[in-house]
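> Just the structure for this:
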Amino acid sequence: MGLLKFLAELFFGPTPPPYRRRQHGATANRDDGRGNVPAGSGPPAMVPPGPLAGLETNKFSPLTTDQALAATGQADWQSAYFDSTSVIPPDSLPRIQVIDRTMVGLGLISEKELVEIHDIGREMDQYRSESSAAYTAGQRAVQRSRDERDRRKSERREAAAARKQARAEAVAHRRATDIVYLGRGVSRGLADRRANLEKLQALGLPRLATPADLAKAMGIRIPTLRWLAFHSDAPTQSHYVRFHVPKKSGGHRQLASPHHKLAATQRWILDHILRPLPTHDAAHGFVTGRSTVTNAAPHVGRQIVVNVDLQDFFPSISFYRAEGMFRARGFSPAVATILALLCTECPRDTVQLAGQTYYPAIGPRALPQGACTSPAISNLICVQLDKRLNGIARRLGWVYTRYADDMTFSASGEAGHAVGYLLARIRHICQDEGFQLNGRKTRVQRPNVRQSVTGIVVNDKPSVPRATVRRLRAILHQARRTGLAAQNRDRLPHFEQWLQGMIAYVEMVDPPKGEQLRRAYDGIAGR
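Sure, this is the predicted structure:
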């Protein structure tokens with residue numbers, strides 16, 4: 001006997017018990033023990049109509065042994081233990097039919113209750129299908145929204161990347177072709193490219209309006225021009241070599257010599273911009289065709305000579321004053337800014353930090369002592385100062401000249417009595433023009449003392465101080481016996497060149513005395 005048949009006989013016996021059929025009211029749909037319904041048994045019993053659709057109750061009548069064996073043979077029992085507890089299985093499944101009819105046969109549930117249960121299950125399946133469809137539609141809508149959002153995000157990222165790339169290319173192009181920033185506090189004029197071309201042409205200056213124009217005229221690239229003109233408070237590289245030289249009055253003077261590339265640009269500025277500009281006739285320092293001799297000549301034989309010195313002459317001419325000077329000549333603010341940066345520099349110190357050398361600024365940008373452009377710029381800055389001082393001097397009957405920061409006034413006769421008033425006016429005018437007088441170097445020279453102007457004696461005629469001439473004569477006299485090298489008592493590094501320069505200076509100031517010294521030197525040198 002098979003296991004299924006044994007179970008069927010165990011539950012139902014050889015024949016279905018009549019009391020079970022009567023107990024459950026299953027008078028209809030009776031079979032003959034082999035699953036056949038007798039004829040004339042009438043229509044199947046139906047559940048009265050109600051809120052549920054209803055199922056045929058005879059479908060849940062107890063099974064015979066043969067019916068149970070046949071049904072269990074057709075049932076899919078492999079998935080019987082994987083049904084969800086929240087789902088009522090449909091009655092169309094063979095295994096569910098076996099279970100249902102078995103439960104009815106055991107009296108665990110009535111046929112009407114099974115009808116209601118399966119009807120509820122069908123309604124639940126319908127609602128579940130609609131809910132699942134709504135859920136699926138909602139999930140699809142959410143997914144579409146997410147996909148759309150991801151697509152927009154991707155488009156925005158691509159657009160942002162494109163903008164970033166375009167901006168990087170624009171910045172690279174601008175850096176290669178233009179200058180818009182040269183450091184904090186000095187870049188405000190770089191955006192203004194308006195130049196007075198008519199004024200530049202009238203002055204004979206190059207017509208420059210943009211940084212590209214200036215770089216092209218100088219024959220250098222924009223990145224090189226930016227590197228030379230860039231201002232930094234603490235750079236790791238300096239464009240100048242700094243050293244100190246002793247002063248005659250004591251102390252040391254700091255000089256700043258530009259490196260090769262910066263020196264070349266400054267030389268271009270001097271040749272093409274600064275030298276063509278006119279200076280005042282009273283200015284004799286660093287002007288072509290003028291010298292200390294031409295500066296001293298107007299004061300020869302005067303009864304009173306007054307020397308006045310400007311304090312911190314080059315450092316008092318700041319970057320902003322130099323920029324204003326270039327603007328006033330017609331250059332655009334952008335070009336004027338770059339020119340002023342190329343011609344000025346901060347006083348700097350040298351600091352070692354974490355193995356790196358820094359050059360921090362210890363003062364504002366101004367004209368450096370050592371740049372070839374500083375004297376020419378100072379003369380152009382002082383044009384208004386020279387006009388005012390020359391005007392007051394002429395009104396009082398005096399003569400005025402200036403060699404760099406050394407100003408000289410001279411007079412004869414009654415005009416010499418106005419010294420006090422003249423000095424007061426000089427001080428006020430210099431302050432108005434942004435300069436300060438060095439009171440320790442102000443000298444009033446009368447005829448009874450040696451009157452000197454920029455190192456040249458002007459009592460009777462322009463001449464070199466006697467002490468200088470006597471020293472040169474002594475050196476040349478002793479060199480006839482010992483040679484020139486033995487006369488280098490001050491251990492000058494280039495003694496012979498120094499001696500030749502001093503002789504040339506005497507020849508310029510006092511040609512007869514200079515000629516005598518030249519013949520003596522040529523005799524020693526074997527010429």
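> Any stretches of the stretch 101-250 of the chain with poor pLDDT?
Applying pLDDT under 70 to the stretch 101-250 of the chain flags the ranges 249-250.
> For it, just list every one of the strands.
With DSSP state E, counting those that start in this stretch as the criterion, the stretch 101-250 of the chain has strands at 240-246.
> hey, where'd the helices end up in it?
Assigned helices in the stretch 101-250 of the chain, in chain order: 111-177, 197-203, 211-218, 222-229 (criterion: DSSP state H, counting those that start in this stretch).
> Which one of the ones you listed lies nearest to Arg327?
helix 197-203 (10.5 Å; Cβ to Cβ). Backbone N, C-alpha and C define where each C-beta goes, glycine included.
> on that earlier part again, take the helices of the stretch 101-250 of the chain and lay them out in JSON lines including distance to Arg275.
Formatted as JSON lines, these follow (distance: least, Cβ to Cβ, whole Å):
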{"stretch": "helix 111-177", "distance to Arg275": "29"}
{"stretch": "helix 197-203", "distance to Arg275": "12"}
{"stretch": "helix 211-218", "distance to Arg275": "15"}
{"stretch": "helix 222-229", "distance to Arg275": "21"}
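> Looking at those, which one is packed in the most?
For these, the largest average neighbour count (mean count of other Cβ atoms under 10 Å) is found in helix 211-218, namely a mean of 19.
> who does that one touch, helix- and strand-wise?
Counting contacts by 3 or more Cβ pairs under 8 Å, 6 or more residues apart in numbering; DSSP states H and E, helix 211-218 is packed against helix 222-229, helix 260-269, helix 333-343.
> So for this structure, the centremost residue is which one?
Most central in the chain under Cα atoms, centre = their mean is Tyr181, positioned 8.1 Å from the mean C-alpha point.
> Could you pull up the residues touching that residue?
Neighbour list for Tyr181: Ser187, Leu190 [criterion: Cβ atoms under 8 Å, 6 or more residues apart in numbering].
> Need phi/psi at it.
Main-chain dihedrals, Tyr181, degrees, to the nearest 10: phi -150, psi 130.
> before we move on, what about the one 4 residues further on?
The main-chain torsion angles of Gly185 are listed as degrees, to the nearest 10 and equal phi 90, psi 0.
> what's the burial count for the closest residue to it other than its chain neighbours?
Closest residue to Gly185 apart from its sequence neighbours, by Cβ to Cβ, 6 or more residues apart in numbering: His231 at 7.4 Å. Number of residues near His231 (other Cβ atoms under 10 Å) recorded here: 18.
> Could you do Val458 as well?
Per other Cβ under 10 Å, the neighbour tally for Val458 reads 23.
> Find me the pLDDT at it, would you?
You'll see Val458 listed with a pLDDT of 95.
> ditto for Arg95
With respect to pLDDT, Arg95 has a value of 79.
> Then Leu69?
If you check Leu69, the pLDDT there is 63.
> Then Tyr19?
For Tyr19, pLDDT reads 38.
> Tabulate the helices and strands packed on helix 211-218 (JSON lines), appending distance to His299.
Supplementary listing: the helices and strands packed on helix 211-218 in JSON lines, determined by distance: least, Cβ to Cβ, whole Å:
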{"stretch": "helix 222-229", "distance to His299": "41"}
{"stretch": "helix 260-269", "distance to His299": "33"}
{"stretch": "helix 333-343", "distance to His299": "31"}
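> what's the closest of these to Ser463?
Ser463 sits nearest to helix 260-269 of all the helices and strands packed on helix 211-218, at 34.8 Å, using Cβ to Cβ.
> Using neighbour counts, pick out the buried residues of that closest one.
Leu262, Ala263, Thr265, Gln266, Trp268, Ile269 (16 or more other Cβ atoms under 10 Å).
> Can you tell me what sits against stretch 272-289?
Residues contacting stretch 272-289 (Cβ under 8 Å, 6+ apart): 203-206, 217, 290-292, 294-295, 326, 329, 339, 373, 375-377, 379-380, 382-383, 386-387, 389-390, 400-404, 406.
> swap in stretch 459-477?
The contact list for stretch 459-477, computed with Cβ under 8 Å, 6+ apart, reads 293, 296-297, 300-301, 447, 450-452, 455-457, 484, 487, 499, 502-503, 505-506, 509-510, 513, 517, 520-521, 524.
> got it, and stretch 378-387?
Outside of stretch 378-387, the residues within contact range by Cβ under 8 Å, 6+ apart are 274, 277, 279-280, 282-283, 285-287, 313-314, 317, 321-322, 325, 367, 400, 402, 404, 429-430, 433, 435.
> can you pull the buried residues of that stretch?
Ser378, Asn379, Leu380, Ile381, Cys382, Val383, Leu385, Asp386.
> same thing with stretch 234-249?
By neighbour count on 16+ other Cβ under 10 Å, the buried set for stretch 234-249 is Pro235, Ser238, His239, Tyr240, Arg242.
> ok, which pair from the residues you listed is furthest apart?
The span of the buried residues of stretch 234-249, defined through Cβ to Cβ, is set by Pro235 and Arg242 at 13.5 Å.
> Quickly list what's touching both of the two.
Both Pro235 and Arg242 lack any common contact, where contact means Cβ under 8 Å, 6+ apart.
> of the buried residues of stretch 234-249, closest to Gln254?
Nearest to Gln254, judged by Cβ to Cβ, of the buried residues of stretch 234-249 is Arg242 at 6.1 Å.
> Dig out what that closest one forms beta bridges with.
Ala256 (DSSP bridges).
> Could you pull up the contacting residues of it?
Applying Cβ under 8 Å, 6+ apart to Arg242 gives the contacts Gln254, Leu255, Ala256, Ser257, Arg348.
> same deal with His299?
By Cβ under 8 Å, 6+ apart, the residues touching His299 are Val305, Val399, Thr401, Thr408, Ser410, Gln451, Val453, Val458.
> Distance to Arg146 and secondary structure added to those residues, as CSV?
Below are those laid out as CSV (distance: Cβ to Cβ, whole Å; DSSP: H, G, I helix; E, B strand; the rest coil):
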residue, distance to Arg146, secondary structure
Val305, 95, strand
Val399, 92, strand
Thr401, 87, strand
Thr408, 88, strand
Ser410, 94, strand
Gln451, 97, coil
Val453, 91, strand
Val458, 96, coil
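> So which of the contacts of Arg242 is the closest to Pro90?
Out of the contacts of Arg242, the member with the shortest distance to Pro90 (by Cβ to Cβ) is Arg348, at 94.4 Å.
> Any idea what that closest one is bridged to?
Ala361.
> count of residues packed around it?
Neighbour count for Arg348, taken as other Cβ under 10 Å: 20.
> Now which of the contacts of stretch 272-289 would you call buried?
By neighbour count, with 16+ other Cβ under 10 Å, the contacts of stretch 272-289 hold 205-206, 290-292, 295, 326, 329, 339, 373, 375-377, 379-380, 382-383, 386, 389-390, 400-404, 406 as buried.
> Out of those, list just those in helices.
Those of the buried ones among the contacts of stretch 272-289 mapping onto helices are 292, 295, 326, 339, 373, 375-377, 379-380, 383, 386, 389-390, per DSSP state H.
> Out of those residues, the closest to Arg491 would be?
Each of these was checked against Arg491 using Cβ to Cβ; the closest is Thr292, at 27.1 Å.
> In contact with the nearest residue to the closest one once chain neighbours are set aside, which residues?
Using Cβ to Cβ, 6+ apart and skipping residues adjacent in sequence, the residue nearest Thr292 is Thr454, 4.3 Å away. Contact partners of Thr454, counting by Cβ under 8 Å, 6+ apart, are Thr292, Asn295, Ala296, Tyr403, Asp406, Thr408.
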